[in-house]
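# One predicted model, sequence on top.
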Amino acid sequence: QLQLVESGGGLVQPGGSLRLSCSTSGRPLDNYGIGWFRQAPGKERERVSCINIRSGATNAADSVKGRFTIYRDDAKNTVYLQMNSLKPEDTAVYYCAAGYQCLRFDYFGQGIQVTVSS
């Protein structure tokens, strides 16, 4: 069983930055994709970004391209989401997820709140 634990959320002003961490344990990540999703109140869950652990390939939603970067630290079994130029519409609960490459997701973390407000 793969465990995912998010950290790094909080309150930030518009234009600010946050870095989310997804710490993984329980299984090697060779065939996994690790992704970030978010869900704002009253809205559907949105896939934000994903990284294929084996190939290193990444993708991101149009709404965050150029502002958010996903990357990994293999030594720490951790995937990060660096979020810059944050906007109020980025406010949501962010979830780390894992699954086969970036094609499906079988495991989700508990979620962490990110609030962008002045």
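Nice, thanks for sending it over. Numbering: from 1, shown residues only.
# The residue nearest to the spatial centre of the chain - nearest residue in space that isn't next to it in sequence?
When Cα atoms, centre = their mean is applied to the chain, the residue found nearest the centroid is Trp36 (2.8 Å). Nearest in space to Trp36, with sequence neighbours left out and distances taken as Cβ to Cβ, 6 or more residues apart in numbering, is Val48 at 4.4 Å. Quick note: C-beta positions are derived from backbone N, CA and C, even for glycine.
# quick check, the one you found in a strand?
Yes - the assignment for Val48 (DSSP: H, G, I helix; E, B strand; the rest coil) places it in a strand.
# Now do the contacts for it.
Listed by Cβ atoms under 8 Å, 6 or more residues apart in numbering, the contact partners of Val48 are 35-38, 60-61, 64, 68, 81, 94.
# which stretches of the protein have low pLDDT?
For the chain, not a single residue meets the criterion pLDDT under 70.
# returning to what we had before: now do the buried residues in the strand or helix carrying the residue nearest to the centre of the chain.
Secondary-structure assignment from DSSP states H and E places Trp36 in strand 32-39. Under the neighbour-count criterion of 16 or more other Cβ atoms under 10 Å, strand 32-39 has 32-38 buried.
# mind saving the C-alpha coords of it as PDB?
As requested, the backbone C-alpha atoms of strand 32-39 are provided in PDB (Å, rounded to 0.1, in the frame of the first residue of the first chain):
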ATOM      1  CA  TYR A  32       4.000   5.500 -10.800                       C
ATOM      2  CA  GLY A  33       2.900   8.900 -11.800                       C
ATOM      3  CA  ILE A  34       2.500  11.400  -9.000                       C
ATOM      4  CA  GLY A  35       0.000  14.100  -9.500                       C
ATOM      5  CA  TRP A  36      -1.600  17.100  -7.800                       C
ATOM      6  CA  PHE A  37      -5.300  17.700  -7.900                       C
ATOM      7  CA  ARG A  38      -7.300  20.500  -6.300                       C
ATOM      8  CA  GLN A  39     -10.900  21.100  -5.400                       C
END
